[in-house]
Structures are given as C-alpha cells and as structure tokens.
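K.L.:
coordinates for the following, if possible.
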Amino acid sequence: MNSATPSSDPTSPSSKWSRRHFVRNTAVGGAAVLGTSALAQHEAFAAPPAGPAAAAWEPDPAYRTPVIDSTEDRTSPVPHRRVTGHFQGTDKRFAFFFPPKGQWHGRFFQKAYPTYDENASDTTIAFGADSGAYTVQCASGGGFQVDAAAAVFSRKVAAQYYGTSRRIYGYVYGGSGGSFQTVGAMENTTGVWDGAVPFVPGSPMAIPNYFLVRGMAWFVLRGKAAQIADAVRPGGSKDPYAGLNKVERAVLKEVTELGVPLRAWDDYAYVLGLKDPVFLTGIGGIARAMDPTYADDFWNAPGYLGTEKSGLGDLFRAALVDSTATITKVARDSGNVPTSFTIDSVASKDLTGTEFTLSASGGTKIGTLKGSLDRESRVFTLAGGNTSEILDGVVDGAQLRTDNRWFLALLSYHRHQVPTRSGFYAWHQFLGADGKPIHPQRSVQVGAAISQSVSGGGTWSGRLNGKAIMVANLLDTDAFPWDADWYSAQVRAALGDQYDDTFRLWYNDNADHLDDAVVTPAREARLVEYVPMLQQALRDVSAWVERGVEPARSTRYDVVGSQVKVPPEAARRRGVQPVVNLTVGGGARIEVEAGRRVLFRATVQVPPGAGKVVAAEWDTTGDGTYTAVPFGPVRDTLELHHTHTYTEPGTYFATLRATSQREGDRRTPFARVQNLGRVRVVVRAPGAPS
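P.N.:
Have a look, this model is predicted:
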C-alpha cells in the first residue's frame, strides 16, 4: 500500500487522493453474514420512511482515502487505460477503464454486484467504450457505499486524464443482488449517479423465500414435473393442473401465486433444483441463524405443517428422518486420521437434506459431521472441513444422528413470513377474510434484513434520486417477474406526477435470471439473452438524463395471480423487445408423418420507435442450433415463411429467433435485443395412428 504524496498525474501508481466515501451463487451474493445492525433494523421495512428525498450523500469514513496502485495502457478488448487502486486500510479495490479521449462522451457506467472484484469483463469494458463511457468497477459487498466512493473518485481521475472541467455523468447498474445495491444507491445518495438500470430485480422479501418455495415444489411435485412442463410448453394442453391430486394442485397453486412463472416449468429441472435440491434450502441457513427455534416450532407447535392434520402435513411427517445409529467400524489413513466409518443401521427414507450429528457413546454431542452416507453399504465417507475435535470423536461405539428436520421445515418458511409492509400481493393467499395471516408468523422478517444488508440500508421506498429504467424477465425463477411491478408501484406512490419523467419498466419475454455467461444448447433453444436490453437501457437512460430524450414507454402488462402477462402484439406491448408470432399449420402444434414437408409462418414486429429487425434465425429441431435467414433491408416488421421435412419420428420444438437493434445496425455486437417464437411438431412413423 502506497501513501505517498499525490503526484500531478492522478493515474500515477504513487498518487493518493483523499475522497469521501444479495442466484449459480445465491441471488444475494455476499449476504450470508449479517451484522447486528441489519438484524436490529429489519422492521424498517414495515413501511417506507416519510419525508423528503435523501440528503446529499455522506461517505463512509472507511472509504475516504483512495490509493492508486497501477496504471496500464491496454489494447484488449478495446484500447483503454486501466487504473487500479484500493481504499486505504481496507481490502476494497477498484478499477477504472478509460477509452481514448476522442471516444469519450462525458459519462461513466458502473456495474455493481455484492461479490464482484475490480476486474470488469471484456464485454463490460467494450460496451462502455462503444457507448462513449468509461467503466468503473470495484470489489463491493455490504452495500453501495464502496461503489459510491469509487464513483466519486473516478470523476477526479477522469477529469485530469481527459483534461476537462465539464460535468461527468454517471450511471450505475446491477442485477440480482446488484439490483439491491443499485436501488439502495439511487434512493440513498444524491450527486453520485445521475441514472440507473437495475435488472433482474428482487424485492425485500425475495431471499430466502423464493428459493424455499421452490423447495416445496420439489418436495411435492417432482414426480409430476414432466407433465406440468409438457402442459406449459408450446402446443401443450395449457392446463398444468390436469392429472394432479388434491395436494399437488394446492401446492402448484401456492407456488404459482407466490410468483414462480408457470412457463418456466419448461425447464423444471432448474425450477426444482433437481441437480441439487439442497441448494434451494442452502440460503435458508440465514433464516436458521436468525430464527433458531423455527424447526422446533414447525414440528411441535400448532399452525405449522409439521403438526397440521392434512394431506400435505401427512407428507411432511412421513418424510421426516430422525434416527440414531452406532459406529461399528472406523477406517483410517496412514496418519491414523479417520476417513470413513460404518454404522449399524440406516433409515429407509429419502436422505435428501439430512444432517449428521456425532455424539459420544454416552450421548454427549460432539458436532456436525461433513461427508456423505451410502445407504447400501452403511458407510459414511468423511469430507474436508471436519474439525480435529470431531475427527477425534469418530471411534467405535460413537453415535451418528441422521435427521432432516431443518431441511423439511424450511420448505414452508415462506408461509410464516407474510410481509408487514403493504403491496406484497403474492402473500395475500396466506391471509384470512379478516386480513390477518392464517399461519403463525415469525418474529423476524428475514428477507427484509437480507435486503437491507445487501443494499447497504436501502428501504425500497421508490424515492429515486435520478432516472431509472428497470429490466425484468418473464421467466425468472430466482427473482420473480412481479417484483419489478411491485417496485414500480413504490416509485409511483413516492413520486406521483413525476413517475413518468423518472421511471420505466421493460420486460424481457423468454429470458430468465442467468446472463450470457451461462450458454448451453438447451438454453439457446428456448431462451434469449437479456444483456442486450440492459445495454439499450443504459444508453437510453443516459440520453434521457443528458439530452432529455425520452426512452421507450414501459412494457404494458397485467398481473393475474402474481403471473405477469404481456399482450401478444408489439404495438400494444411496447417496451423495446421485438415480438415473434410463429405458427405451424395455423397454430402452435402440428402432427405429421415422417417425410412430410411442414410449413412455418412467422411475423416479427418491433415496438414503435424501438428499432429495426436486423437478424432472424431458424432452429427447426429445437436443439439450439440456428441458421441465419437472409431477408434484405432492415425493417420494423418482417414476414417469413419456411419449410422443413422431418425424416425421424419424435417431438420437435421449432424456433424462430429474431433480433432488433435501435439504429438498425447489423454489424454492432451491442444492444441487439432478441425474442423468439416456438411451436411443437409431433412427427410419427409412416402409417402410425394419429
């Protein structure tokens, strides 16, 4: 760390300037550890604070002394100067990426996320430069204060690097846990950023509830998930409740009304966390730390599923594992350290989510074991992370308790977290006719405390100190689509007549929570990337602030049972995303014999003023492999016909993916907003009955 006197060049490594100062990780990133102040202040979310907008931002004293560590001119991904540094006395680092002077237009873009370091991606740097902006990124966590300090200092460095005294505009954007930081930043500072683009936004009640309710869906509906998926896919029955029993229907209704998008069941393995169901309750560890008596109440107190005399309650009690076995044989390595052991019995039930507690032969608890148990061999294999005290206790005659009490209890935690703040209509299903919760409520609202910790103290009041365009996705199962509608309502209530001059909400159809860092053929076949829309939003919010150019109007939508629904026509839907209407045989499904030619018809429309169609691609087999379609000049409406002959029997989801771009630029890699249309083609063998 260098504390030398500032040089005349603020990008010099020896320069020091004194300035003021929360998933496939989880959706809140670094929120697992909550300070006592966050716990004490969770009731701040009972209602937004009254009074005027935030006063001028005051820095956190910890971030008042930025130190520049290195300066380097780079040519990749585009020519820029990279300046890195840290805040003295902390581990918080920052980096600025300055494009050449002739390419800079007086602004910066800053991407925020709780677990970021200072190394911005090539796409982030290149997009900023292409948009006339330098890029700011820093190692954050604990809220927006570090980001704010880096933003303020970046202006000082940029002014000297570019040799300007002009105003430098700043825009912050962040997704998932980064949306918490972005909202907190815009509600709690003035003079730091001029505008914002929060994307894939959560709400103060999102974590851990959204993951836990999906855990309940896994518990009850995993055996029927494939038929639910078939119903909601293109050309399906559109009745996901068909074939479900009473308990299954009730649970599907519960998770749907809480906000899990019905169409997202197309990828039911992701919705249910089938690769690792315990992941869905892992974030519930925060609830366990903050509410340690919950599991005991769940299994013993009235009003919880653990004691409820109902079909669903019966399922929970039947799945409970709570057994104790005796260690009969211990295997050790050459250093006499235990590596595995055998027990005399194993519960016959599903062991998903079970915990293993080691006790001495007399019953004294030693600790929780890390490892895995094989039911067939009754062998427990120890994993790394066990303490020496625990390993010393692994001896013949010691006892191993196996239980899933907490895992099962957390699956309905959302029922006992009805928000005390109004507007969270997804929880209305848990209210009685008198407007009071029908289930016992816990003394702490965990989501509110997590939100406050991740955002840095934000209250989600809607009192934005700058313009914002929010980008949300209709198939998001980690931050539900209705969250954005909820926040839009907060902004409208807070700003009143200033709402339309401050805020926009754009929905992306056929997009989920994951960005372009996660690309597989299966995802390519049914999803589009949302990054292009947030790129357009950043460009539009900067034009809105700097030149008064109003962005496209908010997407028009309805909310029915916490499901966000958009009109099928681009002109009515608005926003900036093209709309693809694809049919086969005049509808969403056709059944044909192998060898018969199939005709597809499609119309692509771009909302008025949102750009031109610059690309179209066919994937007739639904395997994620696209073939470009040449169609002449760019245009705002495109009509396409396509034929394909299927030679093998099977079910195919044919897809047309279309791309629009505001300026109609086919060559640029940025702000290429996508959408797609899908239909089902069922191909039977020649002569097979239809």
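K.L.:
okay, CA-based contacts and neighbour counts for the rest of this
P.N.:
Will do.
K.L.:
buried residues in the helix or strand containing Phe653?
P.N.:
Using DSSP states H and E, Phe653 sits in strand 650-661. Neighbour-count burial for strand 650-661 flags Tyr652, Phe653, Ala654, Thr655, Leu656, Arg657, Ala658, Thr659, Ser660, Gln661 (criterion: 16 or more other C-alpha atoms under 10 Å).
K.L.:
now flag whichever of the residues you listed is closest to Trp57.
P.N.:
Gln661 (37.0 Å; C-alpha to C-alpha).
K.L.:
now do the same contact list for the closest one.
P.N.:
Counting by C-alpha atoms under 8 Å, 6 or more residues apart in numbering, Gln661 makes contact with Ala610, Gly611, Lys612, Val613, Val614, Ala671, Arg672, Val673.
K.L.:
how close does it sit to Leu474?
P.N.:
Between Gln661 and Leu474 the computed distance is 21 Å (C-alpha to C-alpha, to the nearest Å).
K.L.:
check Leu527 too.
P.N.:
From Leu527 to Leu474 the distance is 11 Å (C-alpha to C-alpha).
K.L.:
common neighbours of these two, please.
P.N.:
The contact sets of Leu527 and Leu474 overlap at Asn510, Ala511, Asp512 (C-alpha under 8 Å, 6+ apart).
K.L.:
just for the stretch 301-450 of the chain, where's the confidence low?
P.N.:
Across the stretch 301-450 of the chain, not a single residue meets the criterion (pLDDT under 70).
K.L.:
ugh, wrong one, I meant the chain
P.N.:
Judged by pLDDT under 70, the stretches of the chain that qualify are 1-56, 516-518.
K.L.:
one more time with 80
P.N.:
1-57, 59, 140-142, 457-458, 516-519, 690 (pLDDT under 80).
K.L.:
my read is that Ala409 contacts Pro292, right?
P.N.:
No - Ala409 lies out of contact with Pro292 (C-alpha atoms under 8 Å); the separation is 11.8 Å.
K.L.:
which one of those two has more residues nearby?
P.N.:
Set Ala409 next to Pro292 and count neighbours by other C-alpha atoms under 10 Å: Ala409 wins out with 23 against 13.
K.L.:
that's a helix at the more buried one, yeah?
P.N.:
Yes - assessed by DSSP: H, G, I helix; E, B strand; the rest coil, Ala409 belongs to a helix.
K.L.:
make residue 1 into 610 and carry on from there
P.N.:
Done: numbering now begins at 610, and the last item shifts to Ala1018.
K.L.:
contacts only, for it.
P.N.:
Tyr903, Ala904, Phe907, Trp908, Gly915 are the contacts of Ala1018 under C-alpha under 8 Å, 6+ apart.
K.L.:
turn these into TSV, including neighbour count, secondary structure and distance to Thr1246.
P.N.:
Listed next are the contacts of Ala1018 as TSV, based on neighbours: other C-alpha atoms under 10 Å; DSSP: H, G, I helix; E, B strand; the rest coil; distance: C-alpha to C-alpha, whole Å:
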residue	neighbour count	secondary structure	distance to Thr1246
Tyr903	19	helix	56
Ala904	20	helix	57
Phe907	23	helix	56
Trp908	21	helix	59
Gly915	27	coil	56
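K.L.:
where along the stretch 610-759 of the chain do the strands fall?
P.N.:
Taking DSSP state E, counting those that start in this stretch as the test, the strands found in the stretch 610-759 of the chain are 675-683, 689-696, 702-707, 716-720, 742-747.
K.L.:
which one of the shared contacts of Leu1136 and Leu1083 sits closest to Arg1148?
P.N.:
For these, the minimum distance to Arg1148 (C-alpha to C-alpha) is 20.5 Å, reached by Ala1120.
K.L.:
the closest one touches Leu1136, doesn't it?
P.N.:
Yes - counting by C-alpha under 8 Å, Ala1120 touches Leu1136, with 5.3 Å between them.
K.L.:
Gly972: neighbour count?
P.N.:
A total of 11 residues lie near Gly972 under the criterion other C-alpha under 10 Å.
K.L.:
ok, it - contacts?
P.N.:
Gln1008.
K.L.:
make it 10 Å
P.N.:
Going by C-alpha atoms under 10 Å, 6 or more residues apart in numbering, Gly972 touches Ala1007, Gln1008, Leu1009.
K.L.:
helix, strand or coil: sort out the residue lying closest to the second one once chain neighbours are set aside for me.
P.N.:
Among residues not flanking Gln1008 along the chain, Thr935 sits closest, at 4.6 Å (C-alpha to C-alpha, 6 or more residues apart in numbering). Applying three-state DSSP to Thr935 yields a three-state assignment of strand.
K.L.:
my guess is Thr935 meets Ala1007, correct?
P.N.:
Yes - with contact defined as C-alpha atoms under 10 Å, Thr935 and Ala1007 form a contacting pair (5.9 Å).
K.L.:
okay, and the common contacts of the two?
P.N.:
With C-alpha under 10 Å, 6+ apart as the test, Thr935 and Ala1007 both reach Ile952, Leu967, Ser968, Ala969, Ser970.
K.L.:
OK, contacts around Arg776?
P.N.:
Arg776 touches Gly715, Arg716, Arg764, Ala768, counting by C-alpha under 10 Å, 6+ apart.
K.L.:
list just the nearest of the residues you listed to Asn818.
P.N.:
Using C-alpha to C-alpha, those come closest to Asn818 at Arg716, 37.8 Å.
K.L.:
how about the closest one: which residues does it bridge to?
P.N.:
Ala742, Tyr778 (DSSP bridges).
K.L.:
pull up the gap between it and Val755, please.
P.N.:
Counting by C-alpha to C-alpha - Arg716 and Val755 are separated by 19 Å.
K.L.:
looking at these two, which is more packed in?
P.N.:
Val755 (25 against 21).
K.L.:
verify the stated contact: that one with Arg702.
P.N.:
Yes - Val755 lies in contact with Arg702 (C-alpha under 10 Å); the separation is 9.0 Å.
K.L.:
identify the contacts common to the two.
P.N.:
Shared contacts of Val755 and Arg702 (C-alpha under 10 Å, 6+ apart): Phe696, Cys747, Ala748, Ser749.
K.L.:
next, count neighbours for Tyr891.
P.N.:
One thing to correct before we go on: residue 891 is Gly, not Tyr. For Gly891, the number of neighbouring residues by other C-alpha under 10 Å comes to 18.
K.L.:
what does the one 4 residues further on give?
P.N.:
Applying other C-alpha under 10 Å, we find 20 other residues in the vicinity of Ile895.
K.L.:
so when I look at it, I'm seeing a strand, right?
P.N.:
No - counting by three-state DSSP, Ile895 falls outside a strand, being helix.
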